[in-house]
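>>> predicted model, plus sequence, below.
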Amino acid sequence: MGWSRPSTRFCIFLTLLNDRLGESIVFPLLPFLLASFTSDGRTLGLLAGSYALAQFLFTPLIGALSDRFGRKPVIAGCVAGSVLGLGGFALTLALPWPAGSAWPLPLLFAARLIDGVSGGTAATAGAVLADISPPEKRAKAFGLIGVAFGLGFILGPALGGLLAGVNVTLPLLLAVAVAAVNLVLVITVLPETHPPAARLALPRKRELNPLTQLMRVFRNPRVRRLSLAFFLFFLGFGGFTAVLVLYFKQVFGWGPELAAMAFLVVGVVATVVQGGLIGPLVQRFGEVRLSQVGLGLVVVGCLLIPLATKANALQVVFPALALLAFGTGLVTPCLRSQVSRRLDDSGQGAALGSLQGLQSLGSFIGPPLAGLAYDLVGKTSPFWAGIALFLVVGLLVAGAGPLSSLSASKSTTVPPRP
């Protein structure tokens, strides 16, 4: 089949890499990029959360559009949106705005929203891999998603920190260039893999409402508690990580290079855990125990950062971030797996899709709340709030009850990271 030629897979790999690379370059540098316009946690939190909000609202629609009109035009439109969003963000930062101008922040928010809307490429790229792979080889094909995401999480902070030492806006220009190359390849090389005969009509508006999809999972008593735990975990995690670099900058006096290197540690550890360790660990210890261990590591890591001082920040923060990344790498797939094992096969797609929505929703609500607490309560308050939420998550997981006979008979294989 012509679709399975290496150039198709390369285009999809680059699309997935671009999806993660742009975000992993920009996020660790946000407080430094915004330094000329604002230094408060509220604005930073809202800007960080706006990306997740756009993804939460539009990802279901993007998936439906790819089923109706084909994969190539949807991927091309998303990558074009990434070029526009990242380019608009870079241009806004580069222009010589007069002091007190009201335009830069609204333009930056608009750029982030555009980038977030167009960030729904992962699901469509996964659909392309499914289109070109026979059923027995799809698991191996989907491994490309994890490789691209892991590489993006490593390369983004590494390149961002290196280039930020020259100029803090230079990493943005690299992200724009990668997105532009991606767009050219999608337009010129990527074939359409979803033939007209297989296309579906657009679903009803109600079915595209992300809140409607979330309510389905909460109506099911078998996964309600675990779904709430999943949401609260990302509410806390998204909150304190949104102000993390601002905390490093204002409390420890770190520059963009150190901040980016901190996220490089997170990327390396998370990739190792989710790319190789999680499967054997689940088979040995089980999802419930690993979830609790992971939450414990996250709590310890979250506790160490506000206890660090400027004098010992390097020695304390980098190990703390490694613990956070290791713990998160255990908690996220194990919670997904526990939800999956409590459902029959017919409910898998909707439930796991709802979990992705809960992750986006928590990642949207958490950052603005954490930014507000950072400004009004104290710089360390997002960390303490996160610890409190993680303890609640631990209680919810512990109280979820034993697996039913239906789910206990299923495989303990952990679902791939989206």
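Done, it's in. These figures come from a predicted structure and were not determined experimentally.

>>> please parse the chain into its domains.
Listed domain ranges for the chain are 1-193, 213-418 (source: automatic domain parsing).

>>> could I get those domains as JSON lines with mean pLDDT?
Output for these, formatted as JSON lines (pLDDT from 0 to 100):
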{"stretch": "domain 1-193", "mean pLDDT": "88"}
{"stretch": "domain 213-418", "mean pLDDT": "86"}
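
>>> just give me the neighbour total for residue 195.
Here the count is done by other C-beta atoms under 10 Å, and residue 195 has 10 residues near it. For every residue, glycine as well, the C-beta is placed using N, CA and C.

>>> next, it: phi, psi?
When read as degrees, to the nearest 10, the backbone of residue 195 gives phi -70, psi 150.

>>> look up how far residue 15 lies from it.
According to C-beta to C-beta, to the nearest Å, residue 195 and residue 15 sit 20 Å apart.

>>> using TSV, lay out the domains of the chain together with mean neighbour count and distance to residue 200.
Putting the domains of the chain into TSV (neighbours: other C-beta atoms under 10 Å; distance: least, C-beta to C-beta, whole Å) gives the following:
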stretch	mean neighbour count	distance to residue 200
domain 1-193	19	5
domain 213-418	19	14
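
>>> mind checking which of those domains is nearest residue 205?
Between residue 205 and those, the tightest spacing by C-beta to C-beta is seen for domain 1-193, at 9.7 Å.

>>> list the contacts of residue 291.
Counting by C-beta atoms under 8 Å, 6 or more residues apart in numbering, residue 291 makes contact with 330, 331, 334, 335, 338, 397.

>>> which one of these is nearest residue 384?
residue 331 (19.0 Å).

>>> the closest one and residue 296 touch, don't they?
No - counting by C-beta atoms under 8 Å, residue 331 stays clear of residue 296, with 9.9 Å between them.

>>> which helix or strand contains residue 49?
helix 41-69 (DSSP states H and E).

>>> from memory residue 173 sits against residue 89, does it?
No - Residue 173 is beyond contact range of residue 89, at 10.7 Å (criterion: C-beta under 8 Å).

>>> one step back: save the contacts of residue 291 as CSV, and put in secondary structure too.
Listed next are the contacts of residue 291 as CSV, based on DSSP: H, G, I helix; E, B strand; the rest coil:
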residue, secondary structure
330, helix
331, helix
334, helix
335, helix
338, helix
397, helix
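
>>> got those as TSV, with distance to residue 151 columns?
Output for the contacts of residue 291, formatted as TSV (distance: C-beta to C-beta, whole Å):
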residue	distance to residue 151
330	21
331	22
334	23
335	24
338	28
397	31
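
>>> closest one to residue 35 out of the residues you listed, please.
residue 331 (33.1 Å).

>>> list the contacts for the closest one?
Residue 331 neighbours (C-beta under 8 Å, 6+ apart): 233, 291, 294, 295, 298, 393.

>>> check the gap between it and residue 359 for me.
12 Å.
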